[in-house]
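Q: The sequence isn't on hand, but the structure is:
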């Protein structure tokens, strides 16, 4: 635990990236920020001094000609630069870019550890998953990606601990999308009642900024499917890809082929009310059984079965009682018995996602020192 | 991350100790068990070979005269033995012995890391807390004690991550005793109803082995107070000792002075029904407000206020809906906003407590390698 200096490269300054940089600036024991890249510009600490870029004040620093390069640097050049630092290096990827994720093996083989909330790489084809972890072993580098599921909630770390200590995880179930959580908690609350139509709730969520610019990117279930893919793999299932199991889409078939242009999105929102009766019927059917409908993901580890879609839940269940846009994840295991280990709370948002990244970064630093 | 051999000493073979040794035997990357101590006997791997004691088969090994010493070794001799191993060493303390906990600084100063579910040391006088962590810094050793609160649930790790990444924890609240959880979930269930008298529920829990041999050791609230002391200290409050804040005892004053002998316990159980009307009144008062009563601990970080005792909760709240002997811990923070980060599940039992110890051990091994 000697304090060997550790060097840090960060890619992405969007919502999560900005929140992360603000946390990094106040982190105890923070590694030295020597590269900060976004699509329009790359900041590099000049060699051989590698003086740190001020994380709190990166926007000002980006105006200093001595530090900056126009445009994005290719990933392999970033890897070469970081590998050249006089100590262990870490890459934090705060993008949601699958192409960057495909380059993780390049970084890892060079001994550069990877910390990221980018779920794309870990939920892509199983061959990339295997390449990432074998490259990490080869380069003696670390990979931490807590925020790929449930943002800063302790989901992956808990699952890894259960598996590593020999517990038998039998089932994982939960609400994994903040957006879909909000939609169903509002449309079909467990206590009280709501007369709002489904399309009106979707429109409200869109206005509040809770959905992707195209709400179909939430309603198609792919985000949940990607998270389930990651959890299932950590639980020991070899899920070949996130479309290798059934995903129930909430996009009416008739509206699926509308273009993803602004005009297409607008048409989608205009026509969505035509399909409100479908969702109302589902809600009423649940109601008649004393239940509520929720959009959940579940993994039956023994049966090697992954599903994503609508299910009914008792009104007094933890899933039914969820508030706002919270996530809930239940781990059923041999040791925990009939009552699962449950983690619950905000599963989206810049600050809490960045918190998962920062906490991972601290753990990687502790292990590299 | 070269695989430097790491050496392990374990003290205690009770419920948690036995479960831990069975997990250790199947742990990937397990350190080498070279000392196993209990009150009657100490097993030592003979120097200089330090061949490992088989964790799965320690009972058989304890019959081998070459390995064993009669009686317990004093803590300072154990520390000297472990410090003499040709690599980093870890002590796992699976006892609940305050005297052993008072020796942690001796181990830590010699560079021996400590992993333990023993809450006594961390909830004792603040001077021992400070001594433990300054000794760890001095010896460049690590201290992990996840299972001191909520057994294997990710409680302390979550709180540490929140604090380390700069979140502002405003309030921590929850049910921290499996025994008291069972008593109140049975006595005053949130759904359905129960006519059972309080004394009958206590007697049932005692028969099921859910209470300490003397149920007053649960009912006095000290176990909860010790856990709150640890959480409050990690949240930044300088709690001088676990009796420096109000603790509501559920032991009727008239029965508090009965001796802790078998006869005293028997008298306590016989006379407890005399006080059933007190608990029934509390239950009825809650009921009239549409609420249920629960025994909770809470920490108001801003007001520097720690309390342990009975509170009323809405029937649809997460605390009211708890099942069996589960724990629930809610973290209210600036980043998480109105809805807390919640961790819930079994907070007692040999297997899940040992799981927290095993997971901590793996993390310490990862950092020492």
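A: The structure has been received and is ready for your questions. Keep in mind that this is a model prediction, so the values were computed, not measured.
Q: so where does the closest residue to residue A:341 other than its chain neighbours fall, helix or strand?
A: Distances taken as CB to CB, 6 or more residues apart in numbering or on different chains put residue B:345 closest to residue A:341, at 3.7 Å, once the chain neighbours are dropped. C-beta here means a position set from N, CA and C on the backbone, and glycine is covered the same way. In the assignment (DSSP states H and E), residue B:345 maps to strand B:341-346.
Q: ok, back up a step: where does the residue nearest to residue A:341 land on pLDDT?
A: If you check residue B:345, the pLDDT there is 97.
Q: and stretch A:5-16, anywhere near chain B?
A: No - using CB under 8 Å from any CB of the partner chain, stretch A:5-16 never reaches chain B; the gap is at least 12.8 Å.
Q: ends of that stretch, how far apart?
A: 25 Å (CA to CA, to the nearest Å).
Q: do the same with stretch A:339-349
A: Stretch A:339-349 has an end-to-end distance of 29 Å (CA to CA).
Q: Tell me how far it lies from the chain's centre.
A: 14 Å (CA atoms, centre = their mean, to the nearest Å).
Q: now stretch A:87-102
A: The answer for stretch A:87-102 is 14 Å, by CA atoms, centre = their mean.
Q: distance of residue A:140 from residue A:113?
A: 9 Å (CB to CB, to the nearest Å).
Q: Those two - which one has more neighbours?
A: residue A:113 (27 against 13; other CB atoms under 10 Å in any protein chain shown).
Q: Which residues are in contact with that one?
A: A:88, A:89, A:90, A:91, A:136, A:141, A:142, A:143, A:144, A:364, A:368 (CB atoms under 8 Å, 6 or more residues apart in numbering or on different chains).
Q: now with 7 Å?
A: A:90, A:141, A:142, A:143, A:364, A:368 (CB atoms under 7 Å, 6 or more residues apart in numbering or on different chains).
Q: what secondary structure does the first one sit in?
A: Under the three-state scheme (DSSP: H, G, I helix; E, B strand; the rest coil), the conformation of residue A:90 reads as strand.
Q: Chain B versus that one, what's the distance?
A: Using CB to the nearest CB, to the nearest Å, residue A:90 is found at 14 Å from chain B.
Q: Look at that residue and say how many residues are nearby.
A: 24.
Q: so the residue nearest to residue A:45 when sequence neighbours are not counted is in which element?
A: Excluding its sequence neighbours, the residue lying closest to residue A:45 (CB to CB, 6+ apart) is residue A:34, at 4.0 Å. Using DSSP H and E, residue A:34 sits within strand A:32-38.
Q: hmm, who's touching that strand?
A: Everything outside strand A:32-38 that qualifies as a contact, by CB under 7 Å, 6+ apart, is A:5-13, A:24, A:43-45, A:50, A:52-53, A:55, A:58, A:72-73, A:78, A:81-82, A:85.
Q: Off-centre distance for it?
A: Relative to its parent chain, strand A:32-38 has a centroid offset of 22 Å by CA atoms, centre = their mean.
Q: now stretch A:193-211
A: Worked out by CA atoms, centre = their mean, stretch A:193-211 lies 23 Å from the chain centre.
Q: Ok, stretch A:295-315 next?
A: 19 Å.
Q: Can you tell me what sits against it?
A: Contacts of stretch A:295-315 (CB under 7 Å, 6+ apart): A:169-177, A:180, A:184, A:190, A:221, A:224-225, A:227-228, A:231-232, A:235-237, A:239, A:245-248, A:282, A:286, A:289-294, A:319-320.
Q: hmm, stretch A:200-218 touching chain B?
A: No - applying CB under 7 Å from any CB of the partner chain, one finds stretch A:200-218 separated from chain B by no less than 13.9 Å.
Q: now stretch A:150-163
A: Yes - applying CB under 7 Å from any CB, one finds that stretch A:150-163 is in contact with chain B at A:153, A:154, A:157, A:158, A:161.
Q: How about residues contacting that stretch?
A: Residues contacting stretch A:150-163 (CB under 7 Å, 6+ apart): A:145-146, A:149, A:169, A:176, A:231, A:234-236, A:327, A:329, A:331, A:333, A:341, A:343, A:345-349, A:352-353, A:355-356, B:154, B:157-158, B:341, B:359.
Q: pretty sure residue A:138 is in contact with residue A:109, am I right?
A: Yes - between residue A:138 and residue A:109 there is a contact under CB atoms under 7 Å: 5.5 Å.
Q: These two: who's more crowded?
A: Shown here are residue A:138 and residue A:109; by other CB under 10 Å, residue A:109 has more neighbours (18 against 13).
Q: Tell me if I'm right that that one and residue A:135 touch.
A: Yes - the criterion here is CB under 7 Å, and residue A:109 meets it with residue A:135 at 4.8 Å.
Q: still on that earlier bit, quick check: helices, which of the contacts of stretch A:295-315 are part of them?
A: Those of those mapping onto helices are A:180, A:184, A:224, A:225, A:227, A:228, A:231, A:232, A:282, A:286, per DSSP state H.
Q: Specify the local secondary structure of residue A:306.
A: Once three-state DSSP is applied, residue A:306 turns out strand.
Q: circling back to that earlier point, which ones are touching the residue nearest to residue A:341?
A: A:336, A:339, A:340, A:341, A:342, B:153, B:326, B:327.
Q: Let's see that with 8 Å instead.
A: A:336, A:339, A:340, A:341, A:342, B:153, B:326, B:327, B:352 are the contacts of residue B:345 under CB under 8 Å, 6+ apart.
Q: Looking at pLDDT only, which of the residues you listed scores worst?
A: residue A:339 (93).
Q: And the strands in chain A?
A: A:7-11, A:32-38, A:41-44, A:68-70, A:89-93, A:113-115, A:143-144, A:169-175, A:291-300, A:305-314, A:326-333, A:341-346 (DSSP state E).
Q: any idea of the mean pLDDT in the second one?
A: Going back to what we said before, that points to strand A:32-38. 94.
Q: and it, which strands flank it?
A: strand A:7-11 (parallel), strand A:41-44 (antiparallel) (DSSP bridges).
Q: Buried deepest among these, which one?
A: For those, average neighbour numbers computed from mean count of other CB atoms under 10 Å in any protein chain shown are highest in strand A:7-11, which has a mean of 26.
Q: and it, average pLDDT?
A: 97.
Q: burial count for the closest residue to residue A:346 other than its chain neighbours?
A: The shortest distance from residue A:346 to any non-neighbouring residue, by CB to CB, 6+ apart, is to residue A:352 (5.1 Å). Close neighbours of residue A:352, defined as other CB under 10 Å, add up to 27.
Q: Just want the angle from the strand holding residue A:34 to strand A:89-93.
A: Orientation note: strand A:32-38 sits at an angle of 30 degrees relative to strand A:89-93 (axes from the mean of the first three to the mean of the last three CA atoms, to 10 degrees).
Q: Counting neighbours, which bits of strand A:32-38 end up buried?
A: A:32, A:33, A:34, A:35, A:36, A:37, A:38 (16 or more other CB atoms under 10 Å in any protein chain shown).
Q: wait, which of the residues you listed is closest to chain B?
A: For the buried residues of strand A:32-38, the residue nearest chain B by CB to the nearest CB is residue A:33; the value is 16.0 Å.
Q: So what pairs up with that closest one in the strands?
A: Here residue A:33, judged by DSSP bridges, has bridge partners residue A:8.
Q: before we move on, the earlier item: redo the strands of chain A as JSON lines? Include distance to residue B:310.
A: Output for these, formatted as JSON lines (distance: least, CB to CB, whole Å):
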{"stretch": "strand A:7-11", "distance to residue B:310": "49"}
{"stretch": "strand A:32-38", "distance to residue B:310": "50"}
{"stretch": "strand A:41-44", "distance to residue B:310": "57"}
{"stretch": "strand A:68-70", "distance to residue B:310": "61"}
{"stretch": "strand A:89-93", "distance to residue B:310": "46"}
{"stretch": "strand A:113-115", "distance to residue B:310": "44"}
{"stretch": "strand A:143-144", "distance to residue B:310": "42"}
{"stretch": "strand A:169-175", "distance to residue B:310": "32"}
{"stretch": "strand A:291-300", "distance to residue B:310": "31"}
{"stretch": "strand A:305-314", "distance to residue B:310": "28"}
{"stretch": "strand A:326-333", "distance to residue B:310": "27"}
{"stretch": "strand A:341-346", "distance to residue B:310": "24"}
